[in-house]
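Asks: using only what follows, build the 3D model:
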Amino acid sequence: MIFHATLSPLMSMSFTKLPFLVVVALLVPLLCLAPLLSQAQQVIDIDITDAAIKKINFAVPFFTDKNRPEQRHETGREMAALLTKGLTFHGFINVIDPKKYGGNQEQNWRLLGANYVVSGTYSSEGADLVLELRLMDAATGKMLMGKRFRDKFDKQRLMILKFCDEVIYKVTGKQGISSSKITFVADTSGHKEIYMADALGDDIRQVTRHQNLAITPRLSPDNNKLLYTSYHNGNPNLYLIDFSKSSLLTKAISRRTGINYAPAWAPDQSFLIATLSKDGNPDLYKMDLSGNIQKRLTVNNGINVSPSFSPDGTQIAFVSDRTGEPQIYLMEVTTGRTQRLTYEGRENTTPNWSPDGEWIAYTGYGDNGYQIYKMKAHPGGTPIQLTASWGSHESPTWSPDSRQIAFTRTRNGESKLCTITSEGQWLQELFTLAGNQSSPQWSQRLKFY
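Replies: Prediction:
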């Protein structure tokens with residue numbers, strides 16, 4: 001049973017105050033008292049794409065037990081810590097260390113330098129957890145938003161992440177992304193297998209167990225299916241997992257001789273585009289979800305790989321070396337009309353189209369090695385370099401809000417997943433996991449509450 005509601009200010013008073021050719025070769029609720037955000041509650045409208053913006057200071061004091069507010073409980077600390085992690089993950093928020101004020105909810109927040117405060121109380125009602133959260137303006141003490149959730153105790157994490165994403169919406173006008181997942185390749189088990197984690201890196205699990213090379217994970221737009229390529233039967237075959245089925249059986253959808261590689265899901269999930277080399281040359285093919293070929297999209301114009309759909313499904317960006325070196329091209333899916341996008345750089349690969357349709361991020365090779373770039377999603381634009389630190393930066397993937405990019409950074413032979421904002425700010429390692437990680441793909445937001 002789930003309960004969530006928007007709390008009015010009156011109710012709140014009750015609260016307690018790799019190189020290209022090598023890559024090719026490897027080739028709800030029980031009751032809702034009000035809308036999620038009432039029309040009277042306006043978005044604060046902070047433009048975090050402004051490169052000059054400084055981080056916004058939040059305070060997240062320890063949550064308190066509503067029935068025993070005078071006592072400190074580890075549960076309250078852990079809840080506040082999770083919310084803190086979710087907020088800071090978005091890149092533009094700094095949360096003041098609770099050690100500076102003892103984690104108490106009653107403070108002079110302006111003196112501590114906070115712009116906003118998130119406070120929470122919780123209580124038990126039978127087998128359920130009731131969680132009440134509010135976002136406050138530190139300067140005025142005014143409640144900007146409040147929520148009340150009721151669900152089983154094991155749904156605690158989902159409640160907090162949902163509120164976190166709504167706080168992000170309140171201050172920026174776009175929903176947050178802490179309720180999303182990232183698939184990637186890791187060799188933690190001793191073999192390169194497909195893994196999945198939530199965006200905060202707290203729920204990491206191994207998806208494939210082929211004990212062989214598995215690469216290019218691609219989650220479906222609804223997050224229910226996963227496509228990937230595995231070499232465990234000797235040939236790089238294309239496989240599909242359906243997470244909505246209890247058996248989680250892995251199904252081979254293309255075992256054609258040669259590579260069956262790097263598929264892209266159509267936004268409506270009705271078909272996919274993959275690279276096949278069954279006729280000798282790596283070319284792009286339109287296929288249904290059973291692996292039946294519907295149309296060949298490229299014909300022997302060099303090596304053609306790495307398709308990425310535009311959000312409206314009308315175009316793909318892809319990589320081809322038809323002019324002698326890898327560059328990024330755009331193709332209209334229905335007509336096959338193709339235009340070259342990139343001209344600068346000796347090797348441009350792994351394009352990824354932003355969910356808002358505005359940008360294409362990609363890996364480019366320049367004087368300082370492999371770096372992440374972005375360009376407007378139409379010919380004639382100018383590349384914008386986003387990374388510049390030492391090491392190789394490859395395989396970019398956009399967050400669901402188009403504000404961040406995850407990618408692989410390799411230094412001294414060790415590969416880790418990192419994120420950076422769409423403006424090239426606040427580079428950070430995504431999470432800690434033994435071994436090497438690579439080839440991230442960011443999911444759409446998960447739907448709950």
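Asks: helix or strand for the residue of the chain most remote from its centre, which one?
Replies: For the chain, the largest distance from the centre (Cα atoms, centre = their mean) belongs to E70, which lies 38.8 Å off. Using DSSP states H and E, E70 is not contained in any helix or strand.
Asks: K295 now?
Replies: With DSSP H and E as the criterion, K295 is inside strand 293-296.
Asks: pull up the pairing partners for the helix or strand just after that strand, direction included.
Replies: Toward the C-terminus, strand 293-296 is succeeded by strand 304-309 as the next helix or strand (DSSP H and E). On the basis of DSSP bridges, the sheet neighbours of strand 304-309 come out as strand 315-320 (antiparallel).
Asks: same question for the partner strand, mean pLDDT?
Replies: For strand 315-320, mean pLDDT is 98.
Asks: quick one: it to chain centroid distance?
Replies: 21 Å (Cα atoms, centre = their mean, to the nearest Å).
Asks: restrict that strand to CA atoms and write it as PDB.
Replies: Backbone C-alpha positions of strand 315-320 (Å, rounded to 0.1, in the frame of the first residue of the first chain) are rendered in PDB as follows:
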ATOM      1  CA  GLN A 315      17.400  10.000 -37.300                       C
ATOM      2  CA  ILE A 316      20.400   8.100 -36.100                       C
ATOM      3  CA  ALA A 317      23.900   9.200 -35.500                       C
ATOM      4  CA  PHE A 318      26.500   6.600 -36.300                       C
ATOM      5  CA  VAL A 319      30.200   6.200 -37.000                       C
ATOM      6  CA  SER A 320      31.800   5.400 -40.400                       C
END
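Asks: beyond that strand, next helix or strand please.
Replies: Past strand 315-320, the next helix or strand by DSSP H and E is strand 327-332.
Asks: who are the packing partners of that following strand?
Replies: Contact partners of strand 327-332 among helices and strands, from 3 or more Cβ pairs under 8 Å, 6 or more residues apart in numbering; DSSP states H and E: strand 315-320, strand 338-340, strand 347-353. All C-beta atoms are positioned from the backbone trio N, CA, C, and that covers glycine.
Asks: can you list the neighbours in contact with it?
Replies: Residues outside strand 327-332 that contact it (Cβ atoms under 8 Å, 6 or more residues apart in numbering): 297, 314-321, 337-343, 348-349, 351, 360, 362, 377-379.
Asks: buried subset of those as a ChimeraX selection?
Replies: Here is the ChimeraX command that selects only those of those that count as buried (16 or more other Cβ atoms under 10 Å):
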select :297,315,316,317,318,319,320,321,338,341,342,348,349,351,360,362,377
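Asks: how does this protein divide into domains?
Replies: Following the assignment in automatic domain parsing, the chain carries domains at 3-17+28-172, 181-445.
Asks: lowest mean pLDDT across those, which one is that?
Replies: It's domain 3-17+28-172: among these, that one has the lowest mean pLDDT, namely a mean of 81.
Asks: mind saving the C-alpha coords of the strand holding K295 as PDB?
Replies: As requested, the backbone C-alpha atoms of strand 293-296 are provided in PDB (Å, rounded to 0.1, in the frame of the first residue of the first chain):
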ATOM      1  CA  ILE A 293      16.300  -8.200 -40.700                       C
ATOM      2  CA  GLN A 294      13.800  -5.600 -42.100                       C
ATOM      3  CA  LYS A 295      16.200  -3.400 -44.000                       C
ATOM      4  CA  ARG A 296      19.900  -2.900 -44.700                       C
END
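Asks: need the phi and psi values for P61.
Replies: When read as degrees, to the nearest 10, the backbone of P61 gives phi -70, psi 160.
Asks: so who does it touch?
Replies: The contact partners of P61, by Cβ under 8 Å, 6+ apart, come to A80, P98, Y101, G103, N104, Q105, Q107, V117, S119.
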